[in-house]
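Asks: make a model of this:
(4 chains)
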2 protein chains.
Amino acid sequence: MTTPEIEATDRKILQLLAEDGRMSYTDLGKATGLSTSAVHQRVKRLEQRDLITGYGATVNYAAIGVPLTAFVAVTPLDPSQPDDCPERVADLNEVEACWSIAGAESYMLKVRVATPEALEELLGRIRSVANVGTRTTIAMYTYYENRPTLKH
Amino acid sequence: MTTPEIEATDRKILQLLAEDGRMSYTDLGKATGLSTSAVHQRVKRLEQRDLITGYGATVNYAAIGVPLTAFVAVTPLDPSQPDDCPERVADLNEVEACWSIAGAESYMLKVRVATPEALEELLGRIRSVANVGTRTTIAMYTYYENRPTLKH
DNA sequence: ATTGAAACTTTGTTGAA
DNA sequence: TTCAACAAAGTTTCAAT
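Replies: Alright, predicted model coming up:
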């Protein structure tokens, strides 16, 4: 938003790090035609400008026994109350993402749980902690997730 | 799915790497009470078992001029055709994720674009490349995304 | 943006519990 | 089988240019 124009080299570095967050500065340098310390400097600048907000391992949740992903569309029940649903549901660690949406409902949550029972129980906690109604769409299979969308 | 029971130390390593994918083996060792080479070995095993499927930088898409996220619920139009929508839309790099869902529609896509015009154009490409109908929900603001859901 | 040097990290090998 | 200790190779991070 602040700097929509990103220079080509910085864009390339963003793309490479989005695809492999553990790539070494040496290899980033080779891939961009810069010296190791020049890329290092640029990466630090990308972090400081908040264009890179962090690094994470991609965990195979299905394989570790948390196979259920669901989308929960959320409607606040009392319009006179302060609308702080995103902060309230942030306390629930099953909630992986929260967006405000255009349409019939106010927010969309993405949640991850181990079992249908755990989902039902979580929906109860979401409704009571945020005083909202919920409409849930269960994802039965994840083909892919978090693919980098930078290749243009 | 194959190994739903993950040992406590491996779980801790997964959690730490989900939160900071560039954490060094030295620091992982300090955080888990193991030697550098012992964590190193465990991380390689987590990668081999596909419990860690990759590492990525978290890119602030809004800040680099791609502020629009949308969810596209997709319905195949011709039930006699092979249903290969996930593979077909995988070619469109604006498509970040694809889930098969329970409910009125068959799939849910998550897409990222720069402008409403780019979204409209992308929806056209999705419909023609996969021979599907679409129902789109625009995310106007991202409160948070990809929070690790491993703290239990 | 680069070079070069010191500090630190990674990753293979070896052997102990 | 899992861990620790070591050591060589590679990487990071600075200051100076």
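Asks: pLDDT score for A:Thr2?
Replies: Listed pLDDT for A:Thr2 reads 45.
Asks: Provide a list of residues in contact with A:Glu145.
Replies: B:96-97, B:99 (Cβ atoms under 8 Å, 6 or more residues apart in numbering or on different chains). The C-beta positions use only the backbone N, C-alpha and C, and glycine is treated the same way.
Asks: is chain B contacted by the longest strand seen in chain A?
Replies: Secondary structure of chain A read by DSSP state E shows that its longest strand is strand A:132-144. Yes: Strand A:132-144 lies within reach of chain B by Cβ under 8 Å from any Cβ of the partner chain, at A:137-144.
Asks: now stretch A:66-86
Replies: Yes: against chain B, stretch A:66-86 shows contacts by Cβ under 8 Å from any Cβ at A:66-67, A:69, A:71, A:86.
Asks: residues of that stretch that come out buried?
Replies: For stretch A:66-86, burial by neighbour count (16 or more other Cβ atoms under 10 Å in any protein chain shown) applies to A:66-74, A:76, A:83, A:85-86.
Asks: ok, stretch A:85-104 next?
Replies: For stretch A:85-104, by 16+ other Cβ under 10 Å, it's A:85-86, A:88-89, A:94-101.
Asks: hang on, the earlier thing: and the residues of stretch A:66-86 next to chain B, which two are furthest apart?
Replies: Greatest spacing in the residues of stretch A:66-86 next to chain B, by Cβ to Cβ: A:Pro67 and A:Pro86 (25.8 Å).
Asks: what's in contact with stretch A:22-42?
Replies: Against stretch A:22-42 from outside (Cβ under 8 Å, 6+ apart): A:9-10, A:12-13, A:16-17, A:43, A:55, B:21-22, B:55.
Asks: return the subset of those residues lying in helices.
Replies: Judged by DSSP state H, the contacts of stretch A:22-42 include A:9-10, A:12-13, A:16-17, A:43 as members of helices.
Asks: can you tell me which of these is nearest DNA strand C?
Replies: Lowest distance from DNA strand C to these (Cβ to the nearest atom of the strand) belongs to A:Thr9, with 7.2 Å.
Asks: list the contacts of that closest one.
Replies: A:32, A:34, A:42.
Asks: wait, what's in contact with the residue most central in space within chain A?
Replies: The centroid of chain A falls nearest to A:Ala97 when counting by Cα atoms, centre = their mean (5.7 Å). Residues in contact with A:Ala97 (Cβ under 8 Å, 6+ apart) are A:109-110, B:142, B:144-147.
Asks: and those residues, which two are furthest apart?
Replies: A:Leu109 and B:Asn146 (13.1 Å).
Asks: touching DNA strand D at all, the helix or strand hosting A:Thr26?
Replies: Under the criterion of DSSP states H and E, A:Thr26 resides in helix A:25-32. Yes: Helix A:25-32 lies within reach of DNA strand D by Cβ under 7 Å from any atom of the strand, at A:25-27.
Asks: output that helix as PDB, nothing but the C-alphas.
Replies: Presented in PDB, the C-alpha positions along helix A:25-32 are these (Å, rounded to 0.1, in the frame of the first residue of the first chain):
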ATOM      1  CA  TYR A  25      22.100 -15.400   1.000                       C
ATOM      2  CA  THR A  26      24.800 -17.000  -1.000                       C
ATOM      3  CA  ASP A  27      22.300 -18.800  -3.300                       C
ATOM      4  CA  LEU A  28      20.000 -15.700  -3.400                       C
ATOM      5  CA  GLY A  29      23.000 -13.800  -4.600                       C
ATOM      6  CA  LYS A  30      23.800 -16.300  -7.300                       C
ATOM      7  CA  ALA A  31      20.100 -16.300  -8.400                       C
ATOM      8  CA  THR A  32      19.900 -12.500  -8.600                       C
END
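Asks: distance-wise, check the residue lying farthest from the centre of chain A relative to A:Leu28.
Replies: In chain A, A:Ser35 marks the outermost C-alpha relative to the chain mean, sitting 31.7 Å out by Cα atoms, centre = their mean. According to Cβ to Cβ, to the nearest Å, A:Ser35 stands 10 Å off from A:Leu28.
Asks: next: A:Pro79.
Replies: 50 Å.
Asks: if I read this right, A:Arg49 contacts B:Ala63, doesn't it?
Replies: Yes: look at A:Arg49 against B:Ala63 with Cβ atoms under 8 Å: they come within range, at 7.5 Å.
Asks: who has more neighbours, these two?
Replies: Comparing A:Arg49 with B:Ala63 by other Cβ atoms under 10 Å in any protein chain shown, the one with more neighbours is B:Ala63, at 19 against 15.
Asks: ok, A:Ala90 - contacts?
Replies: A:98, B:143-144.
Asks: make it 7 Å
Replies: Counting by Cβ atoms under 7 Å, 6 or more residues apart in numbering or on different chains, A:Ala90 touches B:Tyr144.
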